[in-house]
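Novice: Sharing a sequence plus its predicted fold:
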Amino acid sequence: MTISARNQLAATVTSITPGAVNDLINIQLATGEPLAVVITTGSTQVLGLTEGKNVVAIFKAPSVILSTDNSLLLSARNQLAAKVVEIKEGVVNAEVTVKTNGGAEIVAIITETSLKKLGISVGYDVNVIIKASQVILGVKK
């Protein structure tokens, strides 16, 4: 799939909870980690989503939040433990690549100020936070 979003992870639909406007789609990444995705009911139908269907979870790097505080209780459903494997620093932003405990590689774009404030460096343990509504699902035609 050719698309500009940095994060494109293979997954399988594990359950669908239908709603009047949006559906909750639970998926399991190829690395075994679960993600929750909220998409419109119309999108669920157009994509032909069913349990067991293979999908690609797509989300942009600026949508990824990194946290170094394990004591926070957050409303975001998707929280994955990870380790920083690469950092590319810029003047304004930094590109931080992490590998989740399951092995998924995820890229986050954070400000240089946040990078310094959090004290993130290669090898550092972080929590990856992705809002369910920020994930787009794709299927092969």
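Specialist: Yep, that arrived.
Novice: What residue spans form the domains of the protein?
Specialist: For the chain, the structural domains run 7-59+132-138, 61-130, going by the TED database.
Novice: Export those domains to a markdown table and append columns for mean pLDDT and mean neighbour count.
Specialist: Every residue, glycine included, has its C-beta placed from N, CA and C. Converted to a markdown table, the domains of the chain look like this (pLDDT from 0 to 100; neighbours: other CB atoms under 10 Å):
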| stretch | mean pLDDT | mean neighbour count |
| --- | --- | --- |
| domain 7-59+132-138 | 98 | 16 |
| domain 61-130 | 96 | 15 |
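Novice: Pull the contacting residues for Leu24.
Specialist: 16-17, 36-38, 132 (CB atoms under 8 Å, 6 or more residues apart in numbering).
Novice: List the pairing partners of the helix or strand encompassing Ile16 within its sheet, with orientation.
Specialist: Element membership of Ile16, judged by DSSP states H and E, is strand 7-17. Here strand 7-17 has these sheet partners by DSSP bridges: strand 22-29 (antiparallel), strand 54-59 (antiparallel).
Novice: closest one to Asn7 among the ones you listed?
Specialist: Of all the strands paired with strand 7-17, strand 54-59 sits nearest to Asn7, with 4.9 Å by CB to CB.
Novice: just how off-centre is that closest one within its chain?
Specialist: 9 Å (CA atoms, centre = their mean, to the nearest Å).
Novice: Can you pull out the residues in contact with the next helix or strand after it?
Specialist: Sequence-wise, the next helix or strand downstream of strand 54-59 (DSSP H and E) is strand 65-67. The contact list for strand 65-67 (CB under 8 Å, 6+ apart) reads 76, 96, 98, 108, 110, 114, 118, 120, 126-130.
Novice: returning to that earlier point: let me have the contacts of Leu24 in JSON lines, extended by distance to Val91.
Specialist: Converted to JSON lines, those look like this (distance: CB to CB, whole Å):
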{"residue": "Ile16", "distance to Val91": "44"}
{"residue": "Thr17", "distance to Val91": "44"}
{"residue": "Ala36", "distance to Val91": "35"}
{"residue": "Val37", "distance to Val91": "34"}
{"residue": "Val38", "distance to Val91": "35"}
{"residue": "Ala132", "distance to Val91": "32"}
